Structures are given as C-alpha cells and as structure tokens.
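**Student:** Here is a sequence with its predicted model. Questions after.
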Amino acid sequence: MNNFYRKKLLYTILYFAKNVKHPNMTKMFKLLNWFDFEHFCETGYPSIGLQYYTFKNGPVPRELWLEFKNGNVPEDFKRDIGIHIEKYAERDGEYIEYIFKAKPRSKLDLSIFSQRELDILKRLVLQYKTCTAGTMSKISHEKDRPWTITKEKYGLNKLIDYKLALQQKDSCISSEEARENLKEHFEMLENFNIKPI
C-alpha cells in the first residue's frame, strides 16, 4: 500500500480493533472521528483526513462507510481486517451489527504515527475501551459537539466542518491558523491524489 493516508487509516482501524471491546461500525466511526478532530484541535491538521457527515446516529465518514457497507471489506484491507456480522432480534425485526476484527496475521506498524498521534490513540482507547456504541452516541450528540451543531443548523447528511471542534475544547492553535492548515491539508490530499478513501 503506497498511499500514506490510506495506510494510516488501516492502522488506525487495526489499532482500535485490537484495543477496544466490541469495535462495531458505530463505535469505530466515532473513534476515527474523535481521533481526526482531536489531532486537528492540537495541530490544525486532521490525522487521517476523512470527511465526516451527519448521519442519524452520529458522525460518519461516508466514503469509508460505503466501502464497508453490508459487511464488505475493501480489497486492500482484506489481509488485515475482517468483518464479523452479528444478528440481534428486535421488536421490529432483525438488527445487524458489523464488528471489526483484526486478523491474526495482521501486523500493526506504529511507526506510521507521530508521538502526538500515538498519545491521542492511547487516550481514546483508555477513555472508551469498554464503552458501548450507544454510550458513545450519547457523547457525540452532546450540545456543543460538531455533529450536533451541524445537524441542528443544516440537517442530516451534511459535511461536518473540522473547525467546529475548536469551539468545544481549548485549542493549541488559533482559528485562523487552523483554517489555513486545514485548507492546505485537503488541497495536498487532492493535488497528490493521496486521500485515505
């Protein structure tokens, strides 16, 4: 895999799949979102650079969701990641949950992450290791979270602006610097065709 950001995406998913309990799709997407947004708050750059949208249950990287939809695994991830499908009975029928599984032969190369990124990953695992997707949804739906702000202002299926994360916590950078860094980041991904998706 030659695309640095695609590789970082794979290793981030692997890291969470190996270190949190019950890494279903909802929980995984929230962890990816918080990883990208926390790194952005500290540096003005997202770590992976996924684009998150306001889905019903919280922030979702739509293009990644499309790749994994219905339990499919992208070809370049199949060696390392599997999807286990669990079915649950509900009053209105059947509920299907997709669980990310790291395959036994998968190797996690942490050298792709900066020390700051590793610190954020470890902090997220420590904080959310045993949380259910439902608990994490409640957190992502809190009043001042980017998902809530975007959903209330624009509705569902709308792009969540990274800069909204600066409002929810103390940032190490100014909003102007963050805006410039973010613009530069996405232009670079586009110009060099190295998007994670």
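**Tutor:** In hand now; what should we look at?
**Student:** switch to C-alpha atoms for all contacts and neighbour counts from now on
**Tutor:** Noted.
**Student:** need the contact list for L182.
**Tutor:** By Cα atoms under 8 Å, 6 or more residues apart in numbering, the contact list for L182 reads 44-46.
**Student:** Need the residue closest to the centroid of the chain.
**Tutor:** Central residue check for the chain by Cα atoms, centre = their mean: the C-alpha nearest the mean position is that of L32, 1.8 Å away.
**Student:** Which of the helices or strands spans that residue?
**Tutor:** Taking DSSP states H and E as the criterion, the element that holds L32 is helix 25-43.
**Student:** helix or strand right after that helix?
**Tutor:** Along the chain past helix 25-43, the next helix or strand (assigned with DSSP H and E) turns out to be strand 52-55.
**Student:** Now do whichever helix or strand comes after that following strand: everything it contacts.
**Tutor:** Moving toward the C-terminus from strand 52-55, the first helix or strand encountered (DSSP H and E) is strand 58-61. By Cα under 8 Å, 6+ apart, the residues outside strand 58-61 that reach it are 29-30, 33, 50-54, 137, 140-141, 147, 160.
**Student:** before we move on, the earlier item: separate out the buried members of the contacts of L182.
**Tutor:** 44-46 (16 or more other Cα atoms under 10 Å).
**Student:** now that we have the contacts of strand 58-61, which one has the most neighbours?
**Tutor:** W147 (30 neighbours; other Cα atoms under 10 Å).
**Student:** who's in contact with it?
**Tutor:** Contacts of W147 were listed using Cα under 8 Å, 6+ apart, and they are 53-54, 58-59, 140-141, 160.
**Student:** Ok, N181 next?
**Tutor:** Contact criterion Cα under 8 Å, 6+ apart gives 44-45 as the residues in contact with N181.
**Student:** which of the residues in the strand or helix carrying it are buried?
**Tutor:** Taking DSSP H and E as the criterion, N181 maps to helix 175-191. Of the residues in helix 175-191, those buried by neighbour count under the rule 16+ other Cα under 10 Å are 175, 178-179, 181-182, 185-186.
**Student:** cool, and stretch 152-161?
**Tutor:** With the criterion 16+ other Cα under 10 Å, stretch 152-161 contains buried residues 156-160.
**Student:** In terms of distance to E38, which of these ranks first?
**Tutor:** Of all the buried residues of stretch 152-161, the one with the least separation from E38 (Cα to Cα) is I160, at 14.1 Å.
**Student:** all helices for the chain, in order.
**Tutor:** Counting by DSSP state H, the chain has these helices, from start to end: 4-19, 25-43, 62-68, 115-128, 133-140, 146-154, 165-168, 175-191.
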